[in-house]
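Participant: turn this into a model:
(2 chains)
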Amino acid sequence: EVQLLESGGGLVQPGGSLRLSCAASGFTLSSYAMSWVRQAPGKGLEWVSTINGDNTYYAESVRGRFTISRDSSKNTLYLQMNSLRAEDTAIYYCGKVITPYDYRDALDIWGQGTMVTVSS
Amino acid sequence: QSALTQPASVSGSPGQSITISCTGTSNDVASYNLVSWYQQHPGKAPKLIIYESTKRPSGVSNRFSGSKSGNTASLTISGLQAEDEADYYCCSYAGIITFDVIFGGGTKLTVL
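Facilitator: Coordinates of the predicted model:
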């Protein structure tokens, strides 16, 4: 079964750092583009970052602070989050792009999400 | 890029059909056949129900259908069922200048 399982969320002070993990099973993570999407409490979905091969892309709101990466040997996706702000508080979901042929396409598999709270 | 525009809420009775619109611009919806729709029940992760504007992933009911005309995409749910009550989000690739993905604000569907 194709699955994604996030971990690493928690409470962090403003200015702090956190690394989220997204462990994939049932498919080879490096064969697909992967993304992070977040959802602030009671709000809508917001794209955060995408990785396709060696190329990485970021929303303007996180560029320069967040870094997406993956470890093929562990079949795991990461999101390193630095200089965290209160407005980064959200559930963070990882997602797999539906096709290996177009990294811009939709996300067909989502993890259950991990909550990040930035507060003093 | 601004968010795509969706109605905040729609409602319908069991068995009826409803349509949710998603309006973008020439920089996103109109320029790419990469509109997707997600269903999200409370406390759950989003679920893909339509991709590439009109395609259904395997396992998604054929009561869900998508269309696109110009800068507006639409999701139609026919034969409404109680379990369709959820939030629905549209999404489009918007990478005219640089890679970008934008979501709509979400629509709350109430099954009366």
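Participant: got the residues of chain A near chain B?
Facilitator: Contacts of chain A with chain B, taken as Cβ under 8 Å from any Cβ of the partner chain, map to A:35, A:37, A:44-47, A:50, A:57, A:59, A:93, A:98, A:102, A:104-108, A:110-113. Any C-beta I mention is one placed from the backbone N, CA and C, and that applies to glycine too.
Participant: if you set the cut-off to 7 Å instead, what comes out?
Facilitator: A:44-47, A:50, A:57, A:93, A:98, A:104-108, A:110-113 (Cβ under 7 Å from any Cβ of the partner chain).
Participant: so for stretch B:25-40, mean pLDDT?
Facilitator: Averaged over stretch B:25-40, pLDDT sits at 95.
Participant: start to end distance for that stretch?
Facilitator: 25 Å (Cα to Cα, to the nearest Å).
Participant: how far is that stretch from where the chain is centred?
Facilitator: 9 Å (Cα atoms, centre = their mean, to the nearest Å).
Participant: does it reach chain A?
Facilitator: Yes - for stretch B:25-40, a contact with chain A is found by Cβ under 7 Å from any Cβ, at B:34, B:36.
Participant: filter the residues of chain A next to chain B down to the buried ones.
Facilitator: Burial by neighbour count, judged by 16 or more other Cβ atoms under 10 Å in any protein chain shown, picks out A:44-47, A:50, A:57, A:93, A:98, A:104-108, A:110-111, A:113 from these.
Participant: phi first, then psi, for the closest residue to A:Tyr78 other than its chain neighbours.
Facilitator: Of all residues not flanking A:Tyr78 in the chain, A:Ser69 sits nearest, at 4.9 Å (Cβ to Cβ, 6 or more residues apart in numbering or on different chains). Backbone torsions of A:Ser69, given as degrees, to the nearest 10, read phi -160, psi 170.
Participant: measure A:Ser69 to chain B for me?
Facilitator: When distance is defined by Cβ to the nearest Cβ, to the nearest Å, A:Ser69 is 16 Å away from chain B.
Participant: got a pLDDT number for that residue?
Facilitator: Taking A:Ser69 on its own, its pLDDT is 98.
Participant: got it, and B:Ile96?
Facilitator: pLDDT, B:Ile96: 80.
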